[in-house]
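[1] how does the following fold in three dimensions:
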Amino acid sequence: MSYMNENEHKELDGSQPSNTEDDIEQVKYLEVSSLSLFLMVFLAALLGGFVTAFFVPFLFGSSPSEVYGNHGAFLNANNRQIIEVNEGKVSPVTAVVKKLKPSIVSIRVKESDGELSQRDVVSDGGAGIIIRPNGYILTNNHVVSGSKEILVTIGDEEMQGRLVAADAKNDIAVIKVDRHGLPVAEFGSTKNLQVGELSVAIGSPFGFEYTVTSGIISALGRTVSIPDMKSREIITYTNLIQTDAPINPGNSGGALSDSKGRVIGVNTFIMSKSGSAEGVGFAIPIETAMRVANQLIQKGRASHPYIGIIGQDLENNANNRIYQGLRRGAMIVDVKRGSPAYNAGLRNADIIVAADGKAIKGMDDLITKIRESGWRYYCAKVFKKRKGKYSARRSCRKTLAAGKDLANSSNCNRQN
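    Numbering: from 1, shown residues only. The predicted model follows:
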């Protein structure tokens with residue numbers, strides 16, 4: 001007969017054996033491990049939340065102080081450049097509009113419909129810029145050319161306007177309204193303008209007054225020749241500002257502004273296959289526009305300096321290697337007898353490389369410099385061909401001749 005020990009007897013009865021000290025220590029270890037794991041997970045989550053809250057604002061082009069100091073609202077990445085206006089923060093375009101909009105006007109014109117009925121119709125002409133507080137407004141000539149009546153809207157008020165004078169060659173016109181104390185636009189400069197800078201266009205495309213579009217300065221110093229449908233002449237625009245700010249029919253005469261709300265150009269025309277904006281718009285530099293406008297106000301006409309030559313860019317000539325290494329300049333193709341250039345001794349095949357101490361890149365550059373300065377005396381550094389060789393000489397003569405054509409296209413040659 002075998003006997004069971006005490007422990008075996010308890011197991012058969014269904015009772016549990018007593019806990020040993022090792023079992024008790026193991027339970028305590030498990031309890032401590034679970035608490036430690038909970039604390040570790042909690043601390044990790046807290047640290048992760050802090051890191052996320054700190055670094056996420058930088059992904060949106062902002063900073064934690066700006067985000068959480070602005071009631072927790074994230075700033076849009078497109079608005080990272082801000083300008084202080086009054087007490088709030090706004091985008092650069094909004095700041096420009098607030099500053100410049102009061103100085104922009106909408107222009108409608110009444111003209112004949114061209115039919116046998118000879119009815120007068122009112123069309124949406126374009127826009128204008130207030131340049132003097134006593135009612136003088138700058139716009140394009142093609143906006144008001146041929147109109148019987150000019151209607152100008154300033155703010156919410158429409159009033160009669162009259163044409164002071166216009167210059168078709170530069171496509172600039174000045175009109176006037178019977179008002180005083182008008183807000184004059186601030187004018188900037190294109191001298192330090194750089195490609196890629198912000199540009200803002202304000203005008204009245206398709207009659208929608210005070211329409212704002214924005215883009216960048218795409219290029220500078222463009223020369224474009226286009227036909228004028230009304231005069232049936234070719235107009236050559238020089239030193240134009242090119243922008244991709246959408247410009248549509250009705251923007252003509254409106255302002256092209258820089259990021260500080262200063263007018264840098266007068267929106268004039270677009271290059272388009274559809275007739276609407278395709279990202280290639282052009283503006284007349286404000287220096288040129290204001291020079292012509294002041295002449296129109298003071299004299300009733302604009303002066304057109306000329307020197308009386310037909311020329312082309314030196315780099316367009318296939319044989320430019322023979323010109324003593326010269327790579328840039330305006331090569332004379334023909335000289336008008338009795339013109340300032342002829343009287344100064346300039347002849348065919350001469351090469352103008354500098355004017356008033358400034359290098360000349362080509363014929364367009366020469367035209368631009370003469371147009372913008374309105375020189376009364378023109379000093380040029382010229383390489384003259386004599387006996388098969390070129391030598392540098394200096395020519396100075398009076399060149400101002402009002403009423404002369406400054407630049408017209410003839411194949412690759414340009415007249416000046």
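
[2] what number of residues lie near Asp244?
    Counted by other C-beta atoms under 10 Å, the residues lying close to Asp244 total 18. In short, each C-beta sits where N, CA and C put it, glycine included.

[3] ok, it to Val263 distance?
    Distance, Asp244 to Val263, by C-beta to C-beta, to the nearest Å: 18 Å.

[4] kindly report the same for Val333.
    Taking C-beta to C-beta, one finds Val333 at 38 Å from Val263.

[5] again with Gly362
    Distance, Gly362 to Val263, using C-beta to C-beta: 28 Å.

[6] and for Val97?
    Counting by C-beta to C-beta, the separation of Val97 from Val263 is 13 Å.

[7] neighbour count winner among these two?
    Val263 (25 against 20).

[8] what sits against the more buried one?
    Leu100, Ile129, Ala185, Glu186, Phe187, Gly188, Ala255, Leu256, Ser257, Ile286 (C-beta atoms under 8 Å, 6 or more residues apart in numbering).

[9] report the buried residues of the helix or strand encompassing the second one.
    Ile129 is part of strand 120-130 when elements are defined by DSSP states H and E. When burial is assessed from 16 or more other C-beta atoms under 10 Å, strand 120-130 yields the following buried residues: Asp124, Gly125, Gly126, Ala127, Gly128, Ile129, Ile130.

[10] dump the residue contacts of Thr223.
    Thr236, Tyr237, Thr238, Asn239, Leu240, Asp364, Ile367, Thr368.

[11] with respect to Leu43, which of these is nearest?
    Nearest to Leu43, judged by C-beta to C-beta, of those is Leu240 at 64.4 Å.

[12] next, the buried residues of the helix or strand that closest one falls within.
    Assessed by DSSP H and E, Leu240 sits inside strand 233-243. Under the neighbour-count criterion of 16+ other C-beta under 10 Å, strand 233-243 has Ile235, Thr236, Tyr237, Thr238, Asn239, Leu240, Ile241, Gln242, Thr243 buried.

[13] quick one: which of those residues is nearest Arg337?
    Nearest to Arg337 among these, counting by C-beta to C-beta, is Thr236 at 23.4 Å.

[14] okay, and the beta partners of the closest one?
    In this entry, Thr236 is beta-bridged to Ser225, by DSSP bridges.

[15] so it touches Arg222, yeah?
    No. Assessed by C-beta atoms under 8 Å, Thr236 is found out of contact with Arg222, at 11.2 Å.

[16] for the record, mean pLDDT for the host helix or strand of Ile367?
    Assigned by DSSP H and E, Ile367 belongs to helix 363-373. What helix 363-373 shows for mean pLDDT is 77.
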